[in-house]
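Student: fold the following and give me the result.
(one chain, ligands or ions: 3)
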Amino acid sequence: MGLLNVSRKLGILPPATRTDAERRAERIVDRLLSLAAISEEDGRLTRTFGSDAMRRANELVGLWMRQAGLKTSVDAIGNLRGRTIGSAPRRLLLGSHLDTVRDAGKYDGALGVVLALEALAARPLLSYEVEVLAFSDEEGVRFQSTYLGSRAVAGTFDPATLALRDERGITLEQAIRDFGGDPAQITECRLPAEEIIGYAEIHLEQGPLLEQLGEPLGVVSAIAGQTRVALEFIGHADHAGTTPMQLRRDALATASEFILAAEACAKSVRSLVATVGQIDVPHAASNVVPGRVALTLDVRAGDDPRRRRTVAALERAAGEISRSRRSELRWRIVQESPATACDASLRGNWADAIAEIGYQPIELVSGAGHDAAAFIHAGIPSAMLFVRCRDGLSHHPAEFVAPADIATALLATDQFLQRLSAAEAFR
Ligand code: HGY
Ligand code: MN
Ligand code: MN
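Tutor: Ligands and ions are numbered 1, 2, ... in the order given. Just a heads-up that it's a prediction; the model follows:
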């Protein structure tokens, strides 16, 4: 093996040139624009689990994977997977999610997949295999789930979630079949732990810290825990014109009192956030007192006992408000994910890679959930690289990551892969 190859294997290659990285970053931006045009809604980007838009996104990204020299497949839960075909006994998992929230930005999820492919397109000589994972459902928009795709790969998929129903009453199980997957084969998505070095994810920060610090990159130390609740207040539908105020059991007024109580409660608890993101008044009409209201509650904190205490307090508050208005409360925890710490060794590798290319390795906690949490829950070493985003904005169509910061993230990823190769070669 020539000196160049040995040096490459040992990860002591000088970083690719800035100009080269900026050229590659342009292709990433072009691809993100192409991907953002694949939506299930006109005029805005929305791609939810099992949709035709997800199928078309898998087709396009699958083509890019094959252009990067990867062997592609779609697994039983709709994850698109592309892997190098070599003889190394272990593999690094790289990836992020292809599903989006409604009216989403172009970078959330997609950046991690497209940037990973760009890093591999440079055909780095590595002492391990790589598998790029483009997950089928991280946001949980359609089923109020989280990490469906990554939990399947990590081996922690809960079969009970197959019974979750979307707004049309379609079960997750049926949606998987409709997409061409096989619920009975989901356990086959799992990779044997002994084959996995770990999971690495590149993701926009979705917060303002890096921009405030004037740094393009950060290393995630931990991912906040989250609880997702489905609530329903059941009052009584009545005529808006003839029902006296003191006789009403107005479910929307009850929900409104709860929403403000949840906001006040979260403001009083340090390092915790609570959000009612969805509210639905079935059979709503302007001249009908709302009889039923369904809403979602999302509670996040880096401290799990604090989050759980707050969720319990909010359930009590919802019950008290409901009783005071002669209504009934239905409260169902749909999903819970504990706070997770990223792997120290992989975090150190990201930090060294960032320092190698001349930047400060800022450490920060992620308030947003990420597929990396599913791997950490399964005991698989995982770490994330955060990339600065404008105004910290995300889950919004104006979400933006500067091409120069994408180029910097690419240089850091090149270094991360090479450093890991040296460590794996001498393991
Ligand atoms: O909701 C989240 O934190 C992530 O964007 N899925
Ligand atoms: Mn998101
Ligand atoms: Mn995301």
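Student: chain center to stretch 74-84: distance?
Tutor: 17 Å (C-alpha atoms, centre = their mean, to the nearest Å).
Student: show me what counts as buried in the helix or strand containing Ala175.
Tutor: Assigned by DSSP states H and E, Ala175 belongs to helix 172-178. Within helix 172-178, the residues that count as buried by 16 or more other C-beta atoms under 10 Å are Leu172, Glu173, Ala175, Ile176. For every residue, glycine as well, the C-beta is placed using N, CA and C.
Student: His236: neighbouring residues, count only.
Tutor: By other C-beta atoms under 10 Å, the residues close to His236 number 17.
Student: which residues touch it?
Tutor: Going by C-beta atoms under 8 Å, 6 or more residues apart in numbering, His236 touches Arg248, Arg249, Val289, Gly291.
Student: quick one, helices of the stretch 1-150 of the chain?
Tutor: 3-9, 18-36, 52-67, 110-121, 148-154 (DSSP state H, counting those that start in this stretch).
Student: thinking again about what came up before, may I ask which two of the buried residues of helix 172-178 are separated the most?
Tutor: The span of those, defined through C-beta to C-beta, is set by Glu173 and Ala175 at 7.3 Å.
Student: and whatever residue of the stretch 101-250 of the chain ends up closest to ligand 1, what's its pLDDT?
Tutor: Residue nearest to ligand 1 within the stretch 101-250 of the chain: Glu139 (4.8 Å; C-beta to the nearest ligand atom). Listed pLDDT for Glu139 reads 96.
Student: go ahead and confirm it touches Leu98.
Tutor: No. In this structure Glu139 lies outside contact range of Leu98 using C-beta atoms under 8 Å: 10.2 Å.
Student: higher neighbour count, those two?
Tutor: Between Glu139 and Leu98, counted using other C-beta under 10 Å, Leu98 has the larger neighbour count: 29 against 23.
Student: mind putting the buried residues of helix 172-178 in JSON lines, pLDDT included?
Tutor: Converted to JSON lines, these look like this (pLDDT from 0 to 100):
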{"residue": "Leu172", "pLDDT": "98"}
{"residue": "Glu173", "pLDDT": "98"}
{"residue": "Ala175", "pLDDT": "98"}
{"residue": "Ile176", "pLDDT": "98"}
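Student: now the helices for the stretch 151-300 of the chain?
Tutor: 172-178, 209-213, 251-268.
Student: for the chain, which residues score under the pLDDT cut-off?
Tutor: Along the chain, segments meeting pLDDT under 70 span 1-16.
Student: ok, the residue nearest the centre of it to ligand 1 distance?
Tutor: The residue lying closest to the centre of the chain (C-alpha atoms, centre = their mean) is His370, at 3.8 Å. His370 sits 7 Å away from ligand 1, going by C-beta to the nearest ligand atom, to the nearest Å.
Student: now Ala355
Tutor: To ligand 1, Ala355 is 28 Å away according to C-beta to the nearest ligand atom.
Student: that residue - that's part of a helix, no?
Tutor: Yes. The assignment for Ala355 by DSSP: H, G, I helix; E, B strand; the rest coil puts it in a helix.
Student: surely it is in contact with Asn349?
Tutor: No. Ala355 lies out of contact with Asn349 (C-beta under 8 Å); the separation is 10.9 Å.
Student: out of these two, which sits in the busier spot?
Tutor: Asn349 (23 against 13).
Student: quick check: the more buried one touching Ser382?
Tutor: No. In this structure Asn349 lies outside contact range of Ser382 using C-beta under 8 Å: 11.8 Å.
Student: what about Arg388, how many neighbours?
Tutor: Neighbour number of Arg388 under other C-beta under 10 Å is 26.
Student: correction: Pro338
Tutor: 15.
Student: apart from its chain neighbours, what residue comes closest to it?
Tutor: Gly225 (4.8 Å; C-beta to C-beta, 6 or more residues apart in numbering).
Student: could you pull up the residues touching that neighbour?
Tutor: Arg300, Ala301, Gly302, Asp303, Asp304, Arg307, Glu336, Ser337, Pro338, Ala339, Thr340.
Student: quick check: bridge partners of it?
Tutor: Going by DSSP bridges, Gly225 is paired in beta bridges with Ala301.
Student: what does this structure put close to ligand 3?
Tutor: Residues of the chain lying near ligand 3 by C-beta under 5 Å from the ion: Asp108, Gly109.
Student: domain parsing for the chain?
Tutor: Using automatic domain parsing, the domains assigned to the chain come out as 3-224+339-425, 225-337.
Student: ends of the last one, how far apart?
Tutor: Yep, that's domain 225-337 we're talking about. Domain 225-337 has its terminal residues 5 Å apart, counting by C-alpha to C-alpha, to the nearest Å.
Student: chain center to that domain, what's the gap?
Tutor: 25 Å.
Student: next: stretch 127-147.
Tutor: With C-alpha atoms, centre = their mean as the basis, the mean position of stretch 127-147 lies at 7 Å from the chain mean.
Student: pick the most deeply packed of the domains of the chain.
Tutor: Of all the domains of the chain, domain 3-224+339-425 carries the top mean neighbour count, a mean of 20, counting by mean count of other C-beta atoms under 10 Å.
Student: which one is Ser221 nearest to, not counting chain neighbours?
Tutor: Counting by C-beta to C-beta, 6+ apart, the residue nearest Ser221 is Glu363, at 4.7 Å.
Student: could I get the phi/psi values of that neighbour?
Tutor: phi -100, psi 140 (degrees, to the nearest 10).
Student: so it touches Val219, yeah?
Tutor: Yes. Between Glu363 and Val219 a contact is recorded at 5.3 Å, counting by C-beta under 8 Å.
Student: tell me, what's touching the two both at once?
Tutor: Going by C-beta under 8 Å, 6+ apart, residues that sit against Glu363 and also against Val219 are Arg347, Ala351.
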